[in-house]
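In: generate coordinates for the sequence data below:
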Amino acid sequence: MKIKALLIITLFSIGTIYSQIGKQARADKKYDNYAYIDAIEVYEKVAEKGHKSVDLFEKLGNSYYFNGEYDKAEKWYSELFAMTEDVPAEYYFRYSQSLKSIGNYKKADEYQLKFYQKTNDKAGEEMLKNRNYLDELRKNSDRYVVENAGINTEFSDYGSMFKGADVIFTSARKTKDVFQKKHSWTGQYFTKLYTAKVADDGKLSDAQEFAKELDSKFHEATPVFTKDGNTVYFTRNNYNEGKKGKSDDKVNKLKIYKATLKDGKWEDIKELPFNNDNYSVAHPALSADEKTLYFSSDMPGTLGASDIFKVAINGDGTFGTPENLGSGINSPLRETFPYVTDKNVLYFSSDDHLGIGGLDVFEAKMNKDGSYTSVRNVGAPINSPKDDFGYIVNTKTHVGYFTSNRDGGVGSDDIYKFQENVCEQLIRGTITDMQTALALPGAKVSLFDANMELIKAVEADDKGDFAFEENIECDKKYYVRAEKTDYETKEINVSVPLKSGETRADIALEKRVMPIENGTDLAKIFDISIIYFDLDKWNIRPDAAVDLEKIIAVMEKYPKMKVDIRSHTDSRQTHKYNERLSDRRAKSTLEYMVKNGIDRSRLTAKGFGETQLINGCSDGVNCSEADHQKNRRSEFIVLSMD
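Out: As a prediction, the model looks like this:
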């Protein structure tokens, strides 16, 4: 612990959301034989007459939002939230983005924060939204099996890294060198680099000194190697050509050095050009393509005690300008020991964010644009109440190593081996027509993460099927959106469980443009199962009026259309009673439509009572309420269009 602590203290000098896919393409196909209803046009007419419903405003808001017309979407989302805030979290996000489009940033920020609160995103007052975060971190405990790596001593052993089939690590252990020096502050020997063999089960053994030519009088630690094994970047105290360098305040800082393997020996040891006597640069890591070097530093521009930076490695071996990874990764406290996998996942340790205690290991995935997903604590048992750091993993075998000074260890810092129990998930589904249940080949299907960041978009195959098989994390929330010309865009949230398997995300799309002809039931087009009346009455209720206005809007658009209103009951009560009740309700519906502008000559109405049951729920048959409900229905049959 003390050796690693010295390196950390020296290092610290003691101290999208959402991407629019694009506007939905307009329908190119021309229909010569049918008249068509634009559902959104109808909904708007209904809403503009003062009728209100959650479903109405959701559909209107979504129709404009998914087309990128955010200013128009704002109008209807505003109406939606005026009615209720009991809506899915994604509506808060959409409303926020729509408010920004009209310059109402104050209110947009308010709803953005509410979205974060509903989705437990760190950006929205992290502690307030995560009162039970420790339970969440411990829930992840089945992800890893952890054990002692097998090469630890009573001294400090830490900072492991892969080199081919071996693992190179840092240790303050005693050597055979009679002149081995101890650090006066820690009472332990200065650290050197060691190599260990890896057994089939991942345990380490046969620890040997790695390369004497890399040793100095002071600490060497935390190496990283190129894939060919011929270049190493490593951490060392400020020491060049036999001279110890110090900062203006007389502190021996840390620097990153580079060496090249030539004829079996490490030569040409040089410090990197962005090192400085007055701040520390340490713990290098390489990107998978070896074009970027990551490291920890407290250089100018650091947000906290130490931050993680990156720097480009140019083709000619020179380096670019170091860049801070920003507040998405770095905090006001410490971030250190970065590691990047071949799947572009950044692991690092921090004593900020939300952790179990001390330094915790966190992960963040790199997006295609170079930004990162939200930081996530890898949880127990990797993390403990003590310091946990130096996480590395082989993404093919899922075996890795990390360092901890947790209770029960051999020395002050110990290296632990872990086996990652991989949770593999895929999201699969079928896109269908809501009315016909037929597949919709070619539908565009998009996958978004919990922060509404686009992950991938695919097309449904000839059976309407789609699958997202890559980068699906267990115990995560996603959004799946389906789009198809002439259909209303639909988005659903999908919660992936904390176990391997397949998560279904079937989506049935509702036609936006629907053909009508003689015999068409307008109730089916607008999903009107029944015009509701109070028990034993036939006065039009306000909620039924919203649905009737949809029928009225269609008849206004087609002034020659004639419609037959048909009302049906279930089999409960007597035949005579049901016939009279349904007939009165059908005629009451007719009178409402006449009162609201439809010529009486265009309407007929009749009640059929229980004479046209659509299932077997007749007198004397024991049926559920749901089965009886299917028989209580209203129909609006188009008799003619001319």
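In: distance of residue 448 from residue 438?
Out: Residue 448 sits 26 Å away from residue 438, going by Cβ to Cβ, to the nearest Å. The C-beta positions use only the backbone N, C-alpha and C, and glycine is treated the same way.
In: looking at the chain, which helix or strand does the model trust least?
Out: One helix or strand of the chain scores below all others by mean pLDDT, DSSP states H and E: helix 2-12, with a mean of 40.
In: kindly export stretch 507-516 (C-alpha atoms) in PDB.
Out: Written as PDB, here are the backbone C-alpha positions of stretch 507-516 (Å, rounded to 0.1, in the frame of the first residue of the first chain):
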ATOM      1  CA  ILE A 507     -43.300  -4.000 -32.500                       C
ATOM      2  CA  ALA A 508     -46.700  -3.700 -34.200                       C
ATOM      3  CA  LEU A 509     -46.900  -0.500 -36.300                       C
ATOM      4  CA  GLU A 510     -50.200   1.300 -36.800                       C
ATOM      5  CA  LYS A 511     -51.000   2.600 -40.300                       C
ATOM      6  CA  ARG A 512     -50.900   6.300 -40.600                       C
ATOM      7  CA  VAL A 513     -52.400   6.400 -44.100                       C
ATOM      8  CA  MET A 514     -55.300   3.900 -44.400                       C
ATOM      9  CA  PRO A 515     -57.400   3.000 -47.400                       C
ATOM     10  CA  ILE A 516     -61.200   3.400 -47.200                       C
END
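In: buried sites along it?
Out: 507, 508, 509, 510, 511, 512, 513, 514, 516 (16 or more other Cβ atoms under 10 Å).
In: the second one contacts residue 433, correct?
Out: In other words, residue 508. Yes - counting by Cβ atoms under 8 Å, residue 433 is a contact partner of residue 508 at 7.1 Å.
In: where do the contact lists of these two overlap?
Out: The contact sets of residue 508 and residue 433 do not overlap (Cβ atoms under 8 Å, 6 or more residues apart in numbering).
In: for residue 151, see how far away residue 382 is.
Out: On the measure of Cβ to Cβ, residue 382 and residue 151 end up 19 Å apart.
In: hmm, I was thinking of residue 97
Out: Noted for residue 97: a distance of 53 Å to residue 151, by Cβ to Cβ.
In: double-check that residue 72 belongs to a strand.
Out: No - going by DSSP: H, G, I helix; E, B strand; the rest coil, the assignment for residue 72 is helix, not a strand.
In: that one: what's its closest spatial neighbour, skipping adjacent residues?
Out: Nearest residue to residue 72, sequence neighbours excluded (Cβ to Cβ, 6 or more residues apart in numbering): residue 64, at 4.1 Å.
In: burial of the one you found, as a residue count?
Out: Residue 64 has 20 neighbours, counted by other Cβ atoms under 10 Å.
In: that one: which element?
Out: helix 54-65 (DSSP states H and E).
In: show me which positions of that helix end up buried.
Out: Neighbour-count burial for helix 54-65 flags 56, 57, 58, 59, 60, 61, 62, 63, 64, 65 (criterion: 16+ other Cβ under 10 Å).
In: distance from the chain centre to the longest helix seen in the chain, please.
Out: Of all segments of type helix in the chain, defined using DSSP state H, the longest is helix 575-595. Centroid displacement of helix 575-595 relative to its chain, using Cα atoms, centre = their mean, to the nearest Å, is 51 Å.
In: quick revisit: ok, residue 448 and residue 438, which is more surrounded?
Out: Taking neighbours as other Cβ under 10 Å, residue 448 and residue 438 compare with residue 448 leading, 24 against 9.
In: the more buried one bridge partners, please.
Out: Residue 448 has the following beta-bridge partners by DSSP bridges: residue 454, residue 479.
In: that one: what's it in contact with?
Out: Counting by Cβ under 8 Å, 6+ apart, residue 448 makes contact with 18, 454, 455, 478, 479, 480, 481.
In: same question for residue 220.
Out: With Cβ under 8 Å, 6+ apart, residue 220 has these contacts: 170, 191, 192, 193, 214, 234, 235, 236.
In: hmm, try it at 6 Å
Out: Contacts for residue 220 (Cβ atoms under 6 Å, 6 or more residues apart in numbering) come out as 192, 193, 214, 234, 236.
In: from those, which ones fall inside strands?
Out: 192, 193, 234, 236 (DSSP state E).
In: what's the neighbour count on the closest residue to residue 606 other than its chain neighbours?
Out: The shortest distance from residue 606 to any non-neighbouring residue, by Cβ to Cβ, 6+ apart, is to residue 586 (5.6 Å). Applying other Cβ under 10 Å, we find 24 residues neighbouring residue 586.
In: my guess is residue 586 contacts residue 607. True?
Out: Yes - counting by Cβ atoms under 6 Å, residue 607 is a contact partner of residue 586 at 4.6 Å.
In: which neighbours do the two have in common?
Out: By Cβ under 6 Å, 6+ apart, residue 586 and residue 607 have these common neighbours: residue 567.
In: residue 51 reaches residue 549, doesn't it?
Out: Yes - assessed by Cβ under 6 Å, residue 51 is found in contact with residue 549 at 5.3 Å.
In: those two: which is more packed in?
Out: A side-by-side neighbour count of residue 51 and residue 549, using other Cβ under 10 Å, places residue 549 first with 23 against 18.
In: tell me the SS of residue 81?
Out: Applying three-state DSSP: residue 81 is helix.
In: how about it, nearest residue that isn't a chain neighbour?
Out: Of all residues not flanking residue 81 in the chain, residue 95 sits nearest, at 6.3 Å (Cβ to Cβ, 6+ apart).
In: name the element that neighbour belongs to?
Out: According to DSSP H and E, residue 95 maps onto helix 89-101.
In: outline the domain layout of this protein.
Out: The chain breaks down by automatic domain parsing into domains covering 41-131, 137-420, 425-509, 516-640.
In: mean pLDDT added to the ones you listed, as CSV?
Out: Putting the domains of the chain into CSV (pLDDT from 0 to 100) gives the following:
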stretch, mean pLDDT
domain 41-131, 82
domain 137-420, 90
domain 425-509, 94
domain 516-640, 87
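In: show me where this structure has helices.
Out: Secondary structure of the chain by DSSP H: the helices cover 2-12, 39-48, 54-65, 70-83, 89-101, 105-119, 126-129, 133-139, 522-525, 542-557, 575-595, 625-631.
In: for residue 324, give the beta-bridge partners.
Out: For residue 324, the beta-bridge partners are residue 309 (DSSP bridges).
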